[in-house]
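Visitor: sequence unknown, structure follows:
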């Protein structure tokens, strides 16, 4: 069964990871047909999960146990290695950014996802909102976590269509921003 066919465009990179601890890499990708697909390394369909809208966000493996991705209706989904829904969180607009994992200032792991609703969200591993940081523009790309400096405080760097590079703390507080000449 190697004739897997998504019924619409695939607009983001695939995740390649061993999601089920079988020492084999699996391939996970989303499509505008509203499905996220998991294939074996030999191209066999393992499972597919139907979201409520198209998927243009690249999936991410978080804490080695959940696959997190955003959808065009603004929902962030988490599914397990068998494609079963663990949780979902609703933002106010489309998500194209790939989720990333970070650490909050209290040391707890979190999931960071930007949305076209002009905000970046920090969620705990159960999908509960830790904080939201609003910007003046849409956020299309994934954030980067910086652990530099003597203060041992994680810093989250991301761009926005407000022509700014933003840096916020693990508590969601502004550290600094930098204005550019165009969208970031």
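Guide: Good, I have the coordinates. What you are looking at is a predicted structure, and each value in this text was computed from that prediction instead of being measured.
Visitor: Okay, now the unreliable bits of the protein?
Guide: For the chain, applying pLDDT under 70 flags the ranges 1-3, 148-150.
Visitor: center of it, which residue is that?
Guide: residue 99 (1.7 Å; C-alpha atoms, centre = their mean).
Visitor: I figured that residue hits residue 61, correct?
Guide: No: using C-beta atoms under 8 Å, residue 99 makes no contact with residue 61, being 9.6 Å away. Placement of C-beta: from N, CA and C, glycine included.
Visitor: Distance from stretch 117-130 to the middle of the chain?
Guide: Here stretch 117-130 is found 10 Å from its chain centre; the criterion is C-alpha atoms, centre = their mean, to the nearest Å.
Visitor: Just the buried residues of it, please?
Guide: Buried residues in stretch 117-130, counted by 16 or more other C-beta atoms under 10 Å: 117, 118, 119, 120, 121, 122, 123, 125, 127, 130.
Visitor: The nearest residue to the second one once chain neighbours are set aside and residue 110: what is the separation?
Guide: The shortest distance from residue 118 to any residue other than its chain neighbours is 5.2 Å, reached at residue 135 (C-beta to C-beta, 6 or more residues apart in numbering). According to C-beta to C-beta, to the nearest Å, residue 135 stands 18 Å off from residue 110.
Visitor: Those two: which has the busier surroundings?
Guide: More crowded of residue 135 and residue 110, by other C-beta atoms under 10 Å: residue 110, with 24 against 21.
Visitor: Now that one: phi and psi?
Guide: For residue 110, the backbone dihedrals (degrees, to the nearest 10) come out as phi -140, psi 170.
Visitor: my guess is it meets residue 126, correct?
Guide: No: Residue 110 lies out of contact with residue 126 (C-beta under 8 Å); the separation is 10.8 Å.
Visitor: Mind listing the shared neighbours of the two?
Guide: Residues touching both residue 110 and residue 126 by C-beta atoms under 8 Å, 6 or more residues apart in numbering: none at all.
Visitor: State the number of residues packed around residue 52.
Guide: Residue 52: 13 neighbours (other C-beta under 10 Å).
Visitor: Same question for residue 107.
Guide: Look at residue 107: counted by other C-beta under 10 Å, it has 8 neighbours.
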